[in-house]
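Undergrad: Model the structure of this input:
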Amino acid sequence: MADEMPRAGEVTNLTVAEVAAGLREGRMLLVDVREPNETALERYPDAVIVPLSSFDPAAIPDPKGRQVVFACRSGRRSITASVAAQDAGYPYTHHLAGGLLAWKAAGLPTKT
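TA: From the prediction side, this is the model:
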């Protein structure tokens, strides 16, 4: 399939419901890899912002036992970030499938 992401099989898709529950229960740390111009307009509540254009997994705060979950607008850049983090030796294998588009479609809040 032409639009399949390389190495996407190395990343676990999480649903909006799974991520929302994990955040609510304090089990997950959401890392938004969108760019500053995007996050300035609208962002996930309580997400850490680590833009993909200058991505360094060392810039992600200590998750303190929480599962790191990457997120972006549609779910493509978050896969890229997860693979890059794994390549750097971090055990960050999860992302929000569908990204902010799915988050909003599910009626979940954003910050503007």
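
Undergrad: How is Leu30 classified with respect to secondary structure?
TA: The three-state assignment at Leu30 reads strand, by DSSP: H, G, I helix; E, B strand; the rest coil.

Undergrad: Surely Pro45 touches Thr112?
TA: No. The pair Pro45 / Thr112 is not scored as a contact, 10.7 Å apart, by CB atoms under 8 Å. All C-beta atoms are positioned from the backbone trio N, CA, C, and that covers glycine.

Undergrad: which one of these two has more residues nearby?
TA: Pro45 (11 against 7; other CB atoms under 10 Å).

Undergrad: quick one: contacts for the residue nearest to that one when sequence neighbours are not counted?
TA: Once flanking residues are discounted, Pro45 sits nearest to Lys111: 5.4 Å by CB to CB, 6 or more residues apart in numbering. Contact analysis of Lys111 by CB atoms under 8 Å, 6 or more residues apart in numbering lists Glu42, Arg43, Tyr44, Pro45.

Undergrad: tell me the contacts of the third one?
TA: Read that as Tyr44. Listed by CB under 8 Å, 6+ apart, the contact set of Tyr44 reads Leu30, Asp32, Ala71, Leu100, Trp103, Thr110, Lys111.
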